[in-house]
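Enquirer: The sequence and its predicted three-dimensional model are supplied below.
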Amino acid sequence: MKARPWLLLILCAVVASAIAGAIGRLDATPATPKPRVLRIAMNTSDLPTTTGAPSQGLEGLRFAGYPVFEPLVMWDLRVTDRIPGVIPWLAESWTVDAADRNRWTFRLRRGVTFHDGSPFDADAVIWNLHRYFDTSAPQWDAAGGAWARSRAPILKSWEKIDDHTVVISTSTPTSYFPEVLTTVLFVSPARWRELKGDWQAFAQRPAGTGAFRIDEVNRTAITMSRNPAYWNRARAAKVDGVKLYAMGEPTTRVAALRSGEVDWVENPPADALPFLRKAGYQIATSPMPHVWAYFLRSRPGGPFHDLRVRQAMNYAIDREGIVTLLNGAARPAQGFWEPEDRRFGQPTNRYAYDPARSRALLKAAGYPADKLVPVRVLTTPVASGQMLSLPMNELLQQSAAKAGFKLEFMVVEGNQMNAMSRNDSPKMGDIDIYNKGYNTGESTYLYYWMYPPNIANYFDKASKELLDEYRVTFDPVERDAILLRLHERFVDDAPMAWVVHDVNPRAFAPNVRGYTPARSWYTDLTTIYLTD
Amino acid sequence: MLQFLIRRSIQGIPILFGVSIITFALVHLMPGGIVDSLVPPGAPPGLREEIERIYGLDRPLWEQYLLWLRQVLQGNFGISLVTGRPIAEELVAALLNSFKITLAAAVVGFSLGIAFGVLAALHSGRWPDKLFSLFSIAGVSVPPFWFAILLVTVFAFQLNWLPAQGMGPEGIPTSWTQWRHMILPIATLSMIPMGVVGRVVRAATLEVLSQEFVTALSAKGLQMDAIRRHVARNAAPTILAVMGLQFGHLIGGSILVETVFNWPGTGKLLNLAIFSGDIPVIQATVLLLSVIFVILNLGVDTAQALIDPRMRR
């Protein structure tokens, strides 16, 4: 028999047309009415854990944390004109003991119940603290314990005073302890007992006190519905439910939005913003407490040991160029906080791209004008808060070259960078710049990054004294005044080169309404509603 | 034949043991892990060590390895450090999800590859050869992630026929709701095996066709169909070996495709585990993939031995 390849080709074409036609017809069947469920594509590689100690960083806390499980005190996510402060939540008030500043008393809100109907009271608080911080407790949960311990290392002990009052103590007086407590979320002990003390079973049927309850967790999505018995009537959810998908790949998120599979995508890629806008999608931004910066490591013998070189690097950064690169999804940074922030102060230096000034400072520091100053940058392409690290760094390499610096990059994976960047790591020996985007909205992080010993090897007696003073100052006005002085000091002393603040872009389908652009890493899902 | 099977099965044990040791060593050589994902660089002294204690990572490496090995020999892969879920459960689910698309992709890719390869060889030097060789080269050369994005752009954005991502309802795919999620990943995954198998089939067929016994069979007056059967039997061992390896690559090497399509299979599971430093999940996944490779190779060797008795030696 003679083979006929053209017959095979025709046959393939016919079969392909038939399949395409069938697909088209199936798709053309009338759709059932869409339930009012908000479908969100998170910028996470996996679904967060649903035991009240969400994995996947702050994004996990944003979507699978606060909407379902709640803390004693909470960020006020309905404030949009400033960085949110801490407000009463499951605790309706708190005080710190005037005689013992380690001792905090929390009065719990009455009438709050978990999703399973069991009461939220002092026993539930104590049980949860044992779960997170007591390795000998039956309810001890290693993953949750590691999570809580990394966020609240200063939490030391706890005691029940009565059914609606608990005392929680810290290991050292810490004025910002309420901020720390926003990351300790409470789950139902009754549900855990009902599931025979199995945290895996609990993750499938969790119970918190939040505006949403989790109905189903599978490998592709977390499905939540509105909690009809939510204690905070003023902040009850408007949508019937929320469905969370993990989509770590930006192209996949945009594809899912454009094909109508989700209504909300986190952090669409900058180059997709113009065509998304053109196609009728809403792009929301809100300046968040974040800064993408270069930590200038002032190791002895390194270039940044000299203040003039640190300041020169700040004048060698083309911040506006980065904003253009990101299609407007960032704001130039001149310090930890934005210039309109009440804590920004009046530093002497207002950094902008000024190659001539940078070169003049380098010359004053003794560097020859005809040679570029080589500096080695450690960075990572993918990590929380890291934005579009590689293209941003490439642009900065060009702008810094005009200003007298030669940037050389060492690019590693995110966890590898964390492992390398411990102060005792020999691999940090020849690194001059540590590139990182981080949270500036919580004092814990300010101490993690700036209190000596720190990653920049930065030690300034005046700054350290201000940080010590801030830790034990409990008056809010005085605390702001200290932060203002601290910030002025930091900006002029330039332990880092601040590049941009992220504005946290999100893209929504045209029918998503009611978004509250809080200046926070977190968001309030209860204000969202869907139009027809 | 039985002796051959027993001998080859026993040979697989040291391979798996070696793989587990090498994976364990490599994972520990790699800087960065679960503790680094939880503890910021500037965290207070002692916190890091405390969290290492929580996870048992403060023990000597050999002790950690032996504890893990003991668990595995008892049929327990342990608990994921990140999710806290039992790894065996996660792994089986991910493997079944991967099988859903890889089995179909293998069938599509191998069938097209064999068809294109045979047609190209039988019409060597003429336009069908050039056309099918072009398909095969395209299959090998086109980056799968790029092809995936192209398919999504056409079939999800432009035509809105198929979903851009996700797996749809879990379970054995029996409904259109499930299959519509599988079409684009299958099309993407089948490109490489189609290309590789197509090229190997063409080369093997041409090589056998050029051998003297084919001329002799033809001179003896055998029908063309009978000659082709002889050609197929002689070319089969090489093709089988390539198909076995390609199937193994499909199971373990679909990280990019699973990432683009957000498909919760073994590739994505391994990728997540590597980036989060989830050592027990990395260990278990690599071990399971190694087992699959060993079984596949055993299957291929057996098939080759059945076709060609010389291979049993």
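Expert: Here it is on my side, so go on.
Enquirer: What is the burial count for the closest residue to A:S171 other than its chain neighbours?
Expert: Leaving aside its sequence neighbours, A:S171 sits nearest to A:K156 (C-beta to C-beta, 6 or more residues apart in numbering or on different chains; 4.3 Å). Bear in mind the C-beta positions are built from the backbone N, C-alpha and C, glycine included. Residues lying near A:K156 (other C-beta atoms under 10 Å in any protein chain shown) number 13.
Enquirer: does A:K156 count as helix, strand or coil?
Expert: Look at A:K156: counting by DSSP: H, G, I helix; E, B strand; the rest coil, its state is strand.
Enquirer: In the stretch 151-300 of chain B, which residue sits nearest chain A?
Expert: B:A164 (3.6 Å; C-beta to the nearest C-beta).
Enquirer: who are the neighbours in contact with the residue nearest to A:S171?
Expert: A:N102, A:S169, A:T170, A:S171 (C-beta atoms under 8 Å, 6 or more residues apart in numbering or on different chains).
Enquirer: can you check A:E408 too?
Expert: Contacts of A:E408 (C-beta under 8 Å, 6+ apart): A:P374, A:V375, A:R376, A:V377.
Enquirer: and the closest residue to B:Q165 other than its chain neighbours, which of the three is it?
Expert: Counting by C-beta to C-beta, 6+ apart, B:Q165 lies nearest to B:N262, which is 4.1 Å off, once chain neighbours are set aside. With three-state DSSP as the basis, B:N262 sits in coil.
Enquirer: can you pull out the helices in the stretch 151-300 of chain A?
Expert: Listed in chain order, the helices of the stretch 151-300 of chain A (DSSP state H, counting those that start in this stretch) span A:177-181, A:189-194, A:199-204, A:250-258, A:273-278.
Enquirer: Between the ones you listed, which one is closest to chain B.
Expert: helix A:250-258 (3.6 Å).
Enquirer: outside of that closest one, which residues touch it?
Expert: A:41, A:43, A:245, A:247, A:262-269, A:272, A:276, A:279, A:281, A:507, A:509, B:149, B:152-153, B:156-157, B:164-166, B:259-262.
Enquirer: of those residues, buried ones?
Expert: A:41, A:43, A:245, A:247, A:262-269, A:272, A:276, A:281, A:507, A:509, B:149, B:152, B:156, B:164-166, B:259-262 (16 or more other C-beta atoms under 10 Å in any protein chain shown).
Enquirer: Strands - which of those land there?
Expert: Among the buried ones among the contacts of helix A:250-258, the residues falling in strands (DSSP state E) are A:A41, A:Y245, A:W264, A:V265, A:E266, A:A507.
Enquirer: Tell me the bridge partners for the third one.
Expert: Beta bridges link A:W264 to A:I40, A:F508, judged by DSSP bridges.
Enquirer: Tell me the spacing between it and chain B.
Expert: 15 Å (C-beta to the nearest C-beta, to the nearest Å).
Enquirer: need the contact list for that residue.
Expert: Neighbour list for A:W264: A:L38, A:R39, A:I40, A:A41, A:L257, A:R506, A:A507, A:F508, A:A509, A:V512 [criterion: C-beta under 8 Å, 6+ apart].
Enquirer: need the next SSE after the helix ranked longest in chain B, C-terminal direction.
Expert: In chain B, taking DSSP state H as the definition, the longest helix is helix B:87-122. Scanning forward in sequence from helix B:87-122 by DSSP states H and E, the next helix or strand is helix B:127-141.
Enquirer: Report the mean per-residue pLDDT for that next one.
Expert: Mean pLDDT, computed over helix B:127-141, is 86.
Enquirer: ok, back up a step: test my guess that the residue of the stretch 151-300 of chain B closest to chain A contacts A:E261.
Expert: Yes: counting by C-beta atoms under 8 Å, A:E261 is a contact partner of B:A164 at 6.3 Å.
Enquirer: so who does the most centrally placed residue in chain A touch?
Expert: Computing the C-alpha centroid of chain A and ranking residues by C-alpha atoms, centre = their mean puts A:L58 first, at 4.1 Å. Contacts for A:L58 (C-beta under 8 Å, 6+ apart) come out as A:S384, A:N439, A:W521, A:Y522.
Enquirer: any idea which element the last one lies in?
Expert: To tie it back to what came earlier, the one meant is A:Y522. When elements are assigned from DSSP H and E, A:Y522 belongs to no helix and no strand.
Enquirer: so how far is chain B from it?
Expert: 18 Å.
Enquirer: Nearest residue to that residue in space, please, no chain neighbours.
Expert: A:R62 is the one closest to A:Y522 (C-beta to C-beta, 6+ apart), at 4.8 Å.
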